[in-house]
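**Q** let me see the structure of the following:
(2 chains, ligands or ions: 3)
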Amino acid sequence: MAETVTLTIDDRQITAPKEMVVIEAARRAGIEIPYYCYHPYLSIAGNCRMCLVEIEKAPKLQIACSIEVTEGMVVHTGSKNVLDARAGVMELLLINHPLDCPICDQAGECRLQEYSLAHGSGTSRFEHEKHHGRKNVDLGRHIVFDEERCIKCTRCVRFCDEVSKTGELALLNRGDETIIGVFPGHRLDNAYSGNTVDICPVGALTLKEFRFRSRVWFLEQTPSICPGCARGCNVTVWAREDRIYRFTPRENPEVNKVWMCDEGRLSYLPLVARERLLEPLMDGEPVRLQDAVDRAANLLGGVGERAPRVGVVASPRATLEDLALLRRLCEATSATDGIPRFERGEDDDLLIRKDKTPNLAGARLLGFERPAAEVLREAAEGKIDVLYVMDEDLFSPAADSDEGDLARRAARKVRALIVHASFRDRVPSQAAVVLPAAVYGEYEGTYINFEGRAQRVRASMRRAGRSRTHLAILSAVAQRAGWGEWAREPSDVWKEAQALAAPLSGIGYDDVGTDGVMITGKGESG
Amino acid sequence: MISEKTQKKIESIASKLPQRAAAMLSALRLIQDEIGHVPPEEREWLAGKLGVSPAAVEAVLSFYTLFRREPEGKYTIWVCSTLPCALRGCELLMDHLRHALGIREGETSPDRRITLKRAECLGGCDRAPVVQVGEDYHDVLLDLSLGTAKVSFERVEALLEKLT
Ligand code: SF4
Ligand code: SF4
Ligand code: FES
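**A** Ligands and ions are numbered 1, 2, ... in the order given. Got it, this is the predicted structure:
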């Protein structure tokens, strides 16, 4: 334990680590000091003055975001002086503010709004023309800037200097002409630019992809995990009526702090844009789910002489639970199995991983280690009769070209191809059976990130059409094939995963919780 | 691009300071002295030289009104507009200059001879309304002979004539 000091805030004795700033110590004790420019993951700027508090023996009010706790310090956060100062800060901030909340995206999650209500005066004494700025400034690929709403807290500038380390933004000019801006001809285009929108305490920076899409209070929030890469950033999924409207990062100091990358932030867009596969197909024709499951079971079943040679290609995008049942399918059919890699770019120093799948480590834990290419090659060479593919993206032209080629060759060669697919665009025409699979946001389960942290992904929508989770599909096939009753609830399947993977022993399904849990068998995805 | 000599000078200042970025103001001044303003290309060069982002150079450059981001005329007339000068008719003076030169505040005459700018206190209150051109004050612009503040158009003309 670090050295601590004891101080008094609003008549309460509080113990806090030495060097902690007063605003943090208060927050941990449940005392809220209002602030704009302070941010726990950025350097201290001390420019907004909203956090002024009274400290006994200090001649003037002090800013709680930069003053460190000391032994015996006595702090008042609600004295008359403090309240007057806050009202003064609010009045100053609102002098030139356009007050266009009715058309502002930040409404509902705006500190200026909240503090106006709590600390403002309700009227303005300013009688002159406000200083006007440009609205709708196209600042970057994803970012729009409204000059009039900016309160010059410099959080966005500090983010670009300290976190993304790209330094695009600066405070330009001075006095009432001060404005956030970029170097002439430059743009706010870095891989993490969306975070500036999250940390902007007002509606000055907005995200093009979310602007004017929905009022935030209509959206339901679900804590989940970004499926965009092996980091597994913790996110909040904001959805309404079975549609995802945005991802925002959710704090997890061990994984992503409070950040996420732009690619991950926008990774829900294809879910909305691509045409979903809403019903099962047999030889390209829509059929009843039961018929498709029967056919799949028939193709996979058979004993002795009649047993087909089965090849299984797993998906590093499926959950740990999905893969545990797939492992059982492999065992039931004595299948040979493999797992594809979806890699792009390079790992960076902040969050982004080149492995663009959220659960490769989980797949490896369940023994899916062989490269999919090997299974596909065997299939293309006629050594496999039935090919069972869990991830349609194997057939995408963007997939690793060798693998994509092999997959298409294998599809033509095998006697029967069974695919779990969520979208219409990649379904291979040769597939004997296509089972409509739920997409991200429709299922619950566990991903294991590249560091070996198990994290919980949660559903925020109902399944579309007649799609089913991988779990439901696999257990239905198992039942028809006569392999017995398989669990289909993630929490029950977890126990099966535990039986298959020793490092999971001793960890309950619910232990994964909202912050995730490290599992001992480290699953470095290399 | 600035001359090698100036580049070397900037390097020698930067290398002597505990933080290279601390050479910013001196460097911007040297660049402006040589070119007359600080063009974008030189700003980016300087950012690289001092190990900061181009935006950080822009921040300093735009903070100080005496740094120029755009080329200006051969002469820049600064018209003081703070209280004493305001009380003694600086707006009239500004109006007159605008008309005489056919430009707005902040602009440069088409012959690129004169740029007209508004200044906050130039520290010449005793001669209000004062204007500054280069390093000189000009305080002879007001005709007080009638006892009221009044711009002397002749004197303004005389000043403009000197600026060739
Ligand atoms: S744009 Fe937002 S984050 Fe940036 S300085 Fe203005 S108010 Fe702060
Ligand atoms: S770094 Fe990876 S997990 Fe994090 S937001 Fe980006 S894509 Fe998602
Ligand atoms: S939060 Fe302390 S000055 Fe802004």
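**Q** okay, domains of the chain per the record?
**A** No chain was given, so I picked chain A. With domains defined by automatic domain parsing, chain A comprises A:4-78, A:126-272, A:276-518.
**Q** I was after chain B.
**A** Using automatic domain parsing, chain B is parsed into the domains B:4-63, B:75-163.
**Q** low-confidence bits of chain B, can you list those?
**A** By pLDDT under 70, the low-scoring segments of chain B are B:140-153.
**Q** closest residue of it to chain A?
**A** residue B:53 (2.9 Å; CB to the nearest CB). Yep, even glycine has a C-beta here, placed from its N, CA and C like the rest.
**Q** hmm, that residue is touching residue B:44, no?
**A** No: assessed by CB atoms under 8 Å, residue B:53 is found out of contact with residue B:44, at 9.8 Å.
**Q** okay, and the common contacts of these two?
**A** By CB atoms under 8 Å, 6 or more residues apart in numbering or on different chains, residue B:53 and residue B:44 have these common neighbours: residue A:183.
**Q** let me know whether the top helix by length along chain A sits next to ligand 1.
**A** If you go by DSSP state H, chain A has its longest helix at helix A:80-95. No: Helix A:80-95 is not in contact with ligand 1 by CB under 6 Å from any ligand atom; minimum separation 9.8 Å.
**Q** name the residues of that helix that come out as buried.
**A** Under the neighbour-count criterion of 16 or more other CB atoms under 10 Å in any protein chain shown, helix A:80-95 has A:82, A:85-86, A:89-91, A:93-94 buried.
**Q** stretch B:52-67: which residues count as buried?
**A** Applying 16+ other CB under 10 Å to stretch B:52-67 flags B:52-62, B:67 as buried.
**Q** for the residue in the stretch 301-450 of chain A positioned nearest to ligand 1, what are its contacts?
**A** Ranked by CB to the nearest ligand atom, the top residue of the stretch 301-450 of chain A for proximity to ligand 1 is residue A:350, at 19.1 Å. Contact analysis of residue A:350 by CB under 8 Å, 6+ apart lists A:163-164, A:192, A:259, A:261.
**Q** if we can go back for a sec, quick one, which of the domains of chain A is nearest to ligand 3?
**A** Among the domains of chain A, the nearest to ligand 3 by CB to the nearest ligand atom is domain A:4-78 (3.1 Å).
**Q** start and end of that closest one, how far apart?
**A** 25 Å (CA to CA, to the nearest Å).
**Q** cool, and stretch A:63-82?
**A** From start residue to end residue, stretch A:63-82 stretches across 11 Å - CA to CA.
**Q** that stretch near ligand 3 at all?
**A** Yes: shown here: stretch A:63-82 in contact with ligand 3 (CB under 6 Å from any ligand atom) through A:63, A:65.
**Q** buried residues of that stretch, list them for me.
**A** A:63-65, A:67, A:69, A:73, A:75-77, A:82.
**Q** filter those residues down to just the ones in helices.
**A** Reading helices off those with DSSP H, I get residue A:82.
**Q** state the pair within the buried residues of stretch A:63-82 that is farthest apart.
**A** A:69 and A:82 (17.4 Å; CB to CB).
**Q** residue 31: helix or strand, and which one exactly?
**A** Picking chain A for this. Assigned by DSSP states H and E, residue A:31 belongs to no helix or strand.
**Q** chain B was what I was after
**A** helix B:24-35.
**Q** what about residue A:254, how many neighbours?
**A** Using other CB atoms under 10 Å in any protein chain shown as the criterion, residue A:254 is surrounded by 12 other residues.
**Q** ok, and the closest non-adjacent residue to it?
**A** Leaving aside its sequence neighbours, residue A:254 sits nearest to residue A:453 (CB to CB, 6 or more residues apart in numbering or on different chains; 7.1 Å).
**Q** that neighbour: how many residues sit nearby?
**A** 23.
**Q** so what's residue A:259 up against?
**A** Applying CB under 8 Å, 6+ apart, the residues near residue A:259 are A:41, A:163, A:192, A:195, A:233, A:249, A:350-351.
**Q** what of residue B:56?
**A** A:167, A:170, B:21, B:47.
**Q** returning to what we had before: so which of the buried residues of stretch A:63-82 sit within strands?
**A** Judged by DSSP state E, the subset of the buried residues of stretch A:63-82 located in strands is A:63, A:75-76.
**Q** residues contacting the longest helix of chain A, please?
**A** Counting contacts by CB under 8 Å, 6+ apart, the residues touching helix A:80-95 from outside are A:34, A:48-50, A:52-54, A:61, A:76, A:112, A:115-116, A:119-121, A:124-126, A:130, A:151.
**Q** part of a strand, is the residue of the stretch 301-450 of chain A closest to ligand 1?
**A** No: when DSSP: H, G, I helix; E, B strand; the rest coil is applied, residue A:350 is found to be coil, with no strand at that position.
**Q** thinking again about what came up before, can you check the pLDDT for the residue nearest to residue A:254?
**A** Confidence at residue A:453, expressed as pLDDT, is 97.
**Q** and it, how far is that from residue A:362?
**A** 11 Å (CB to CB, to the nearest Å).
**Q** cool, residue A:192 as well?
**A** 26 Å.
**Q** residue A:394 now?
**A** Residue A:394 sits 18 Å away from residue A:362, going by CB to CB.
**Q** quick one: which of these two has more around it?
**A** More neighbours surround residue A:362 than the other of residue A:394 and residue A:362, with 32 against 25 (other CB under 10 Å).
**Q** isn't that one right up against residue A:445?
**A** No: under the criterion of CB under 8 Å, residue A:362 is not in contact with residue A:445, lying 9.2 Å apart.
**Q** shared neighbours of the two, anything?
**A** With CB under 8 Å, 6+ apart, residue A:362 and residue A:445 have common neighbours A:319-320.
**Q** how about the nearest residue to residue A:20, chain neighbours excluded?
**A** In this structure, residue A:20 finds its nearest non-sequential neighbour in residue A:69, 5.5 Å apart by CB to CB, 6+ apart.
**Q** name the residues of the stretch 1-150 of chain A found near ligand 3, please.
**A** Residues of the stretch 1-150 of chain A lying near ligand 3 (CB under 6 Å from any ligand atom): A:35-38, A:46-51, A:63, A:65.
**Q** just the ones in strands from these, please.
**A** residue A:63.
**Q** can I have the buried ones of the residues of the stretch 1-150 of chain A next to ligand 3 as a PyMOL selection?
**A** Buried subset of those, written as a PyMOL selection, criterion 16+ other CB under 10 Å:
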select buried, chain A and resi 35+36+37+38+47+48+49+50+51+63+65
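**Q** re the thing from before, dump the contacts of residue B:56 into TSV; add neighbour count as well.
**A** As requested, these are exported to TSV (neighbours: other CB atoms under 10 Å in any protein chain shown):
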residue	neighbour count
A:167	20
A:170	26
B:21	16
B:47	20
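**Q** so which of the residues you listed are in strands?
**A** Among those, the ones falling in strands (DSSP E) are residue A:170.
**Q** how about the residues of the stretch 151-300 of chain A that lie near ligand 2?
**A** Contact residues (CB under 6 Å from any ligand atom) of the stretch 151-300 of chain A with ligand 2: A:226, A:228-229, A:231-233, A:256, A:260-261, A:263-264.
**Q** now do 8 Å
**A** A:225-233, A:235, A:247, A:249, A:256, A:259-265, A:267 (CB under 8 Å from any ligand atom).
**Q** please enumerate the helices of chain B.
**A** Going by DSSP H, chain B shows helices at B:4-16, B:24-35, B:40-50, B:54-63, B:83-87, B:90-101, B:153-162.
**Q** ok, which of these comes nearest residue A:416?
**A** So among these, helix B:54-63 is nearest, using CB to CB, at 59.3 Å.
**Q** ok, and the closest non-adjacent residue to the residue of chain B found nearest ligand 3?
**A** Nearest residue of chain B to ligand 3 (CB to the nearest ligand atom) works out as residue B:59 at 19.2 Å. Leaving aside its sequence neighbours, residue B:59 sits nearest to residue A:170 (CB to CB, 6+ apart; 3.8 Å).
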